[in-house]
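> sequence and computational prediction follow.
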Amino acid sequence: MEKQIKYCVTADIDWANEKEIKYMLDWFKKNKIPITVFATHDSQIIKKSFKPKDIGLHFNFMNGDMLKVIRKLRKIYPDSYFFRNHCFFNNTPMLIELHKQGFVFDSNICTYMADGLKPILNCAGGQSYPVFLEDDVLLLHKNMDKEAILNKMSSEGLKIINIHPIHFYLNTPDMEYYTLNKINKIPYEGYGIRTLFIELLLTLKYKGHKFVTFQELIR
């Protein structure tokens, strides 16, 4: 009998527009697979689709004042208590400040399908939950091998899967296509990252594996 693994799907919103966010959320709702979002900006669709405490924050510390960045996003989503930073930005002062402000959980470490992932205690005293698989990391490595990815997904350890609305909407086949089409927003009609992730997620679902939210994972 195949062992049951809990999978957690998350999405870094990355300033996607409402159409792109809705397109992604509609698919997950239709297929009854839970998803947890990490918000970057004020989105009415996100606010209507999730309870306030079920929304993670996706801070952009790549430039700008750290406290202002935190204050601006927290004003929009004041009940959030977990985060993942844009580009997985990480440093000690930031972790300490976010922990002081009540962010005791994060998913701010990115791996390339590493085996045996577990939550780790970070330097500020919070718990970090590493990402197992991310869409743009697959695009970076030009890996669209469904069977090989499914084989890695059956290994022991945390299985947090991260996607981006823009890649889901565009069905991005490679980063060159994304660069050329991120403005005019023309979805790719062939086999792209959306096609791959739909096949991966539905295969896991039909095999009887359980999908949980990030909040369920950290309980």
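Cool, got the structure.

> quick one, longest strand in this structure?
strand 6-12 (DSSP state E).

> can you list the weak-confidence ranges in this protein?
The chain contains residues with pLDDT under 70 at 1-4.

> all the strands of it, residue numbers only.
6-12, 36-39, 56-57, 82-83, 105-106, 120-121, 127-128, 133-134, 160-163, 210-212.

> need the contact partners of the second one.
When contacts are defined by CB atoms under 8 Å, 6 or more residues apart in numbering, strand 36-39 is touched by residues 8-13, 46, 50, 54-58, 73, 76-77, 80, 83-84, 107, 213-215. Every residue, glycine included, has its C-beta placed from N, CA and C.

> buried residues, it. List them.
Residues of strand 36-39 classed as buried under the neighbour-count rule (16 or more other CB atoms under 10 Å) are 36-39.

> which residues touch the closest residue to Asp54 other than its chain neighbours?
Residue nearest to Asp54 in three dimensions, not counting chain neighbours: Gln215, with 5.9 Å by CB to CB, 6 or more residues apart in numbering. Neighbour list for Gln215: 36, 53-54, 82 [criterion: CB under 8 Å, 6+ apart].

> tell me how far Gln215 lies from Thr36.
From Gln215 across to Thr36, the span is 7 Å (CB to CB, to the nearest Å).

> please apply the same query to Leu73.
From Leu73 over to Thr36 (counting by CB to CB), the distance is 16 Å.
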